[in-house]
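Asker: The following block contains a protein sequence and its predicted model.
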Number of protein chains: 2
Amino acid sequence: MKIGELARESGLAPSRIRFYEREGLIGSIDRGLNGYRQYSRETRQVLEIIVMAQQAGFSLEEIRNLLPPHGKADWSKDKLVASLKNKVIEVAALQRRLSETQAGLEAVIARIEATPPGGDCFENAEAVLADLRDQSKAG
Amino acid sequence: MKIGELARESGLAPSRIRFYEREGLIGSIDRGLNGYRQYSRETRQVLEIIVMAQQAGFSLEEIRNLLPPHGKADWSKDKLVASLKNKVIEVAALQRRLSETQAGLEAVIARIEATPPGGDCFENAEAVLADLRDQSKAG
DNA sequence: CCTAACCTTAAAGTAAACTTTAAGGTCAAG
DNA sequence: CTTGACCTTAAAGTTTACTTTAAGGTTAGG
């Protein structure tokens, strides 16, 4: 499989695949007599894992450390799982913060909708937000 | 509150806060007679939302479009509530995105942990990735 | 008054992750 | 045997998201 075909199948530009090779994310693979890269099916899966990891917030450097040493079938399973679990913990922490933000916003909306007309609603909102911040520190 | 204090409280560098102002993510705020920026408590909230959204994978451009228009002078109560409600919707979008990320990560972890020591990691990875692709298309 | 720690600006620099360009070699079809 | 779609490389360019630098003004403490 030449680079163009791999590019079409994976949805990545050939330049990007060559870039990943230069960066050591995928190994330097076999070349034909003409010097063309010849890819195996495995490479496509590696590319998909790279993209997935990127979408999960991993940098290329992190991904490089997480992928198996090139040519070896044995992938450091423990290392990979540990990294992924770490990421899950980070994402969960983010989720909690977002839930707090959302609860806060909904409380603010309720308070503002309950205020009588005529007041300075912006200062009101500021005060409500300040209260919420203090509350969340206390809670 | 001067920029240094806001920087310490938010954990962002002053240069980064000025950068966000230049980029229109936070409004140009009041200045003292000396020309120093004077921030209100609300700005810190906005900065936290920016950072959270970034961590969820939004670009600054996307974040700029999801934040309410700044310039508090013409914020009526209705507009304020509408903005806040809009923000709740966007936070929910962040939540969904995080949930997808987390589900993806957990699926991958489960699959990897279920692989027998000598098994072919790539065949398993392919199935997991196929599942994830279908999920993201459906979602 | 002096010093250090703030603040201001515009402009230049940086790092990550690619893409584009330039200059060329290879290959299948007509 | 030429045309066009591939492939190769090195190097330069791009975008995003900042930080650093340069050159200066302000403010609090000894």
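Answerer: Cool, got the structure. Numbering: from 1, shown residues only, chains lettered A, B, ... in the order given.
Asker: switch to C-alpha atoms for all contacts and neighbour counts from now on
Answerer: Will do.
Asker: Residues of chain A that sit close to DNA strand D?
Answerer: A:2-5, A:14, A:18, A:35-37 (CA under 7 Å from any atom of the strand).
Asker: can you map out the helices along chain A?
Answerer: Secondary structure of chain A by DSSP state H: the helices cover A:3-10, A:14-22, A:41-55, A:60-66, A:77-114, A:121-138.
Asker: okay if I get the ones you listed as a markdown table plus mean neighbour count and mean pLDDT?
Answerer: A markdown table is the format used below for the helices of chain A (neighbours: other CA atoms under 10 Å in any protein chain shown; pLDDT from 0 to 100):
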| stretch | mean neighbour count | mean pLDDT |
| --- | --- | --- |
| helix A:3-10 | 15 | 96 |
| helix A:14-22 | 15 | 97 |
| helix A:41-55 | 17 | 85 |
| helix A:60-66 | 16 | 87 |
| helix A:77-114 | 17 | 73 |
| helix A:121-138 | 15 | 41 |
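Asker: Need those helices in TSV (columns: distance to DNA strand C).
Answerer: Compiled in TSV, those are given as follows (distance: least, CA to the nearest atom of the strand, whole Å):
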stretch	distance to DNA strand C
helix A:3-10	10
helix A:14-22	4
helix A:41-55	7
helix A:60-66	4
helix A:77-114	15
helix A:121-138	21
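Asker: In JSON lines, list these along with distance to B:Arg31.
Answerer: As requested, those are arranged in JSON lines below (distance: least, CA to CA, whole Å):
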{"stretch": "helix A:3-10", "distance to B:Arg31": "52"}
{"stretch": "helix A:14-22", "distance to B:Arg31": "46"}
{"stretch": "helix A:41-55", "distance to B:Arg31": "40"}
{"stretch": "helix A:60-66", "distance to B:Arg31": "42"}
{"stretch": "helix A:77-114", "distance to B:Arg31": "27"}
{"stretch": "helix A:121-138", "distance to B:Arg31": "18"}
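Asker: what's the pLDDT at A:Gly139?
Answerer: What the model reports for A:Gly139 is a pLDDT of 28.
Asker: Leaving out chain neighbours, which residue sits closest to whichever residue of chain A sits closest to DNA strand D?
Answerer: Across chain A, no residue is closer to DNA strand D than A:Gly4, which sits at 3.1 Å (CA to the nearest atom of the strand). Excluding its sequence neighbours, the residue lying closest to A:Gly4 (CA to CA, 6 or more residues apart in numbering or on different chains) is A:Pro14, at 6.3 Å.
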